[in-house]
Every structure is written in C-alpha cells, then in structure tokens.
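Trainee: below are the sequence and a predicted model for it; my questions follow.
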Amino acid sequence: LTLLGPFIPNETIPIIPGVGSAVVVYNEAVGSFTIVSTITNGTDLNLLSQTDREEAEKDIRDTLATFAGAVGPEHTDSNGFINVLVTTLDVNSTLDNTFQHP
C-alpha cells in the first residue's frame, strides 16, 4: 500500500508539518507515521486548556484526513493495510470523538 497526500514524510524528509499545529513523523525502521501536535508535544498536559486540546485534536484529525492509500505494483489489495492508533486527551468525555475517513 502506498500512502498519498500532501503531508507524507519519507526517508529523506522524515518530519513534515501538517495542518495547523500538527507534525507528521516517519519512522523508517518500522514504516510507521506518527501525527502529533506542537500544542501537546512536550507539554505538561495538565496545563492545557480545553481550547488547546480541541485545537490539537482538530489539527491531528485534519492532517490524518489528507492521508490516502493506493494499491501499487509491490502491493495488492490483499496485503496492504493502514492501522490507526489513537490517543485522546479528552478526559471530560464531552466531545464527539467519532471520525470517518472518506
């Protein structure tokens, strides 16, 4: 599976700015992409306002929504996959955290 989109890092450029505060990091050793927000990365999460948390989440979701998979010559639809692991900061359970990727 080949990932496509404007924010796809690679071996040459492993860190790419995403939407807003989002940053996409490529780990070549395991072939994974991590999307983080500069709002939350390296920050004491207890000090973040709900507005900051919501902006970080929105930027990460908006960046993820630009990712698309394409079956390529090395992969078929039977051996390509995308796994998405999500860590949420919404401890208040007040947000609708559903996400549909088109």
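Mentor: Yep, that arrived.
Trainee: all the strands of this structure, in order from the start?
Mentor: With DSSP state E, the ranges of strands along the chain come out as 2-4, 15-17, 22-27, 32-37, 68-70.
Trainee: what sits up against stretch 10-30?
Mentor: 7-9, 32-39, 41, 55-56, 58-60, 62-63, 66 (C-beta atoms under 8 Å, 6 or more residues apart in numbering). In short, each C-beta sits where N, CA and C put it, glycine included.
Trainee: is it true that residue 3 touches residue 64?
Mentor: No: with contact defined as C-beta atoms under 8 Å, residue 3 does not reach residue 64; the gap is 11.2 Å.
Trainee: higher neighbour count, those two?
Mentor: Neighbour count, other C-beta atoms under 10 Å: between residue 3 and residue 64, residue 64 has more, with 20 against 17.
Trainee: about what we covered before: buried ones only from the contacts of stretch 10-30, please, as a PyMOL command.
Mentor: The following PyMOL line selects those of the contacts of stretch 10-30 that are buried, judged by 16 or more other C-beta atoms under 10 Å:
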select buried, resi 7+8+9+33+35+36+37+39+55+56+59+60+63+66
